[in-house]
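Novice: Below is the structure, and that's it, no one-letter string:
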């Protein structure tokens, strides 16, 4: 996470897309945001996998049906949580 946060800030600064007066504070904040984003994505992934696993017909992960269901249920979870990941 640190690498991604640092590289993002460096690029924003170098391409003059943002002024970063205090790089260390910005870096800490960027890391927190990235961690939060990852945790929410993991929670959505877990909810979707549980929903698919609860189906009585036993959909096999990796199958075309599983992929379709995963996308559909993920979109439902995103709408429920009002987020776009």
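Specialist: All right, it came through fine. This is a predicted model, so every value here is computed, not measured.

Novice: got the residue ranges for the helices in this protein?
Specialist: For the chain, applying DSSP state H gives helices covering 2-14, 23-53, 64-81.

Novice: per-residue pLDDT, the residue sitting nearest the centre point of the chain?
Specialist: Using Cα atoms, centre = their mean, the residue of the chain that lies closest to the mean C-alpha position is residue 41, 3.8 Å off. Residue 41 is assigned 92 on the pLDDT scale.

Novice: Find the residue ranges of the protein scoring beneath the pLDDT cut-off.
Specialist: 83-85 (pLDDT under 70).

Novice: For residue 61, see how far away the closest residue to residue 13 other than its chain neighbours is.
Specialist: Closest residue to residue 13 apart from its sequence neighbours, by Cβ to Cβ, 6 or more residues apart in numbering: residue 20 at 5.1 Å. Glycine gets a C-beta too; all of them are placed from N, C-alpha and C. Separation of residue 20 from residue 61 (Cβ to Cβ, to the nearest Å) stands at 42 Å.

Novice: neighbour count winner among these two?
Specialist: Counted by other Cβ atoms under 10 Å, residue 20 and residue 61 do not tie: residue 20 has more neighbours, with 14 against 10.

Novice: residues contacting the more buried one?
Specialist: The contact partners of residue 20, taken as Cβ atoms under 8 Å, 6 or more residues apart in numbering, are 9, 12-13, 26.

Novice: ok, of these, which come out buried?
Specialist: Buried subset of these (neighbour count, 16 or more other Cβ atoms under 10 Å): 9, 26.
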